[in-house]
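*Asks:* compute the structure for the input listed below.
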Amino acid sequence: MRFADKVVIVTGGAKGIGEGCARVFSAEGGWVSILDRDVAAGESLVRDLSARRAGRAILLQCDVSDPAALKAAIDETAKIYGRLDCMINNAGSHPPATSIDDTSIEDFEQLLRQNLTSTFAGCKFALRYLRKTKGTIINMASMVGILGQAQAVAYCASKAAQIGLTKALAVDLGPEGIRVNAVLPSNIDTPLMRAWAATLPDPAKALERVAGHQVFGRMGTIEEMGRLCLFLATDDSSFLTGQAIEAEGGASLDY
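*Replies:* This next block holds a predicted model:
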């Protein structure tokens with residue numbers, strides 16, 4: 001029970017890495033607030049988690065690209081549970097493979113709003129509560145924010161900016177006892193990964209190829225990402241802040 005009776009918000013928590021975080025934090029005794037647009041998937045996950053630990057999870061329908069809706073969901077979580085100990089800014093999207101020539105300014109700005117502005121807003125609106133608990137912030141970035149990725153200029157830009165935001169905020173909030181870190185996954189087996197593969201001529205071959213990038217010959221799991229976030233949210237990582245943890249299964253080695 002490494003997170004016993006503490007409260008975590010997971011944006012995009014109904015599926016993928018967010019689901020992995022919700023499951024791990026709940027199993028470790030936490031109260032989990034899932035913020036997601038996908039009501040069906042969110043409600044299914046809440047039922048599953050609550051069946052194991054009654055009342056341990058709630059779903060708040062929220063589009064994180066709407067700052068007012070995000071603030072309202074964060075405030076509602078704190079009202080229901082009485083506190084907030086960890087904010088995981090996980091929600092985001094990866095558009096189909098697209099060249100810069102085919103990426104409009106409007107598309108670029110919309111993706112920044114989904115991936116970057118929502119992270120900024122999540123941090124900003126959670127601070128009121130995290131200051132009371134000396135809590136933590138975890139921003140879900142990506143290894144491509146460092147390495148780059150073909151046909152993904154907007155996505156890579158949004159993820160690189162999340163890393164910069166994390167480091168700057170860690171400097172500002174460190175004196176208050178609030179830690180801010182980022183997780184940079186490589187290839188994780190999620191619905192988002194499979195949706196990306198589906199945009200390519202041979203989805204199965206694409207998934208096989210990305211699995212082969214890791215030295216283990218496989219993609220990571222959502223539970224592995226959840227356990228890493230749990231580490232960053234507990235005193236086990238009490239001297240870590242402003243870090244961009246490369247959870248990449250060795251994918252960048254022997255590059």
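
*Asks:* alpha carbons only for contacts and neighbour counts from here, please
*Replies:* Fine.

*Asks:* so where's the stretch 51-200 of the chain uncertain?
*Replies:* By pLDDT under 70, the stretch 51-200 of the chain has no low-scoring segment.

*Asks:* that one: strands as residue ranges?
*Replies:* Along the stretch 51-200 of the chain, counting by DSSP state E, counting those that start in this stretch, strands occupy 57-61, 86-89, 136-140, 179-185.

*Asks:* same list (those) but as a markdown table, adding distance to D102.
*Replies:* Supplementary listing: the strands of the stretch 51-200 of the chain in a markdown table, determined by distance: least, Cα to Cα, whole Å:
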| stretch | distance to D102 |
| --- | --- |
| strand 57-61 | 32 |
| strand 86-89 | 28 |
| strand 136-140 | 26 |
| strand 179-185 | 26 |
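
*Asks:* closest to C21 out of those strands?
*Replies:* With Cα to Cα as the measure, strand 86-89 is the member of the strands of the stretch 51-200 of the chain nearest C21 (8.6 Å).

*Asks:* give me the sheet partners of the closest one and which way each runs.
*Replies:* For strand 86-89, the pairing partners within the sheet under DSSP bridges are strand 7-11 (parallel), strand 136-140 (parallel).

*Asks:* in TSV: those, plus distance to A78 and mean neighbour count.
*Replies:* Formatted as TSV, those follow (distance: least, Cα to Cα, whole Å; neighbours: other Cα atoms under 10 Å):
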stretch	distance to A78	mean neighbour count
strand 7-11	8	29
strand 136-140	15	28
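
*Asks:* switch those strands over to CSV; also include distance to I74.
*Replies:* What follows is those, written out as CSV (distance: least, Cα to Cα, whole Å):
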stretch, distance to I74
strand 7-11, 8
strand 136-140, 13
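
*Asks:* T190: what's it in contact with?
*Replies:* By Cα atoms under 8 Å, 6 or more residues apart in numbering, the contact set of T190 is K15, G16, I17, T221, I222.

*Asks:* which one of these has the most neighbours?
*Replies:* Highest neighbour count within those: I17, with 28 neighbours (other Cα atoms under 10 Å).

*Asks:* still on that earlier bit, and the strands paired with strand 86-89: which comes nearest D38?
*Replies:* Using Cα to Cα, the nearest of the strands paired with strand 86-89 to D38 is strand 7-11, at 11.2 Å.

*Asks:* residue nearest the centroid of this structure?
*Replies:* Centroid check for the chain by Cα atoms, centre = their mean gives N90 as the closest residue, at 2.0 Å.

*Asks:* that one against N139, yeah?
*Replies:* Yes - in this structure N90 lies within contact range of N139 using Cα atoms under 8 Å: 6.3 Å.

*Asks:* what touches both of those two?
*Replies:* Common neighbours of N90 and N139 (Cα under 8 Å, 6+ apart) are T119.

*Asks:* quick one: stretch 39-52 to chain centroid distance?
*Replies:* How far stretch 39-52 lies from its chain's middle: 19 Å, per Cα atoms, centre = their mean, to the nearest Å.

*Asks:* what sits up against that stretch?
*Replies:* Contacts of stretch 39-52 (Cα under 8 Å, 6+ apart): 13-15, 19, 23, 26, 34, 36, 56-59, 61.

*Asks:* dump the strand or helix carrying E43 to CSV, keeping only the CA atoms.
*Replies:* Assessed by DSSP states H and E, E43 sits inside helix 39-52. C-alpha atoms of helix 39-52 as CSV (Å, rounded to 0.1, in the frame of the first residue of the first chain):
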residue,chain,number,x,y,z
VAL,A,39,-17.2,7.6,-20.9
ALA,A,40,-17.8,3.9,-21.8
ALA,A,41,-14.2,2.9,-21.3
GLY,A,42,-13.9,5.0,-18.2
GLU,A,43,-17.0,3.6,-16.6
SER,A,44,-15.9,0.1,-17.3
LEU,A,45,-12.5,0.7,-15.6
VAL,A,46,-14.2,2.4,-12.6
ARG,A,47,-16.5,-0.6,-12.2
ASP,A,48,-13.5,-2.9,-12.3
LEU,A,49,-11.4,-0.9,-9.8
SER,A,50,-14.4,-0.4,-7.5
ALA,A,51,-15.2,-4.1,-7.5
ARG,A,52,-11.8,-4.7,-6.0
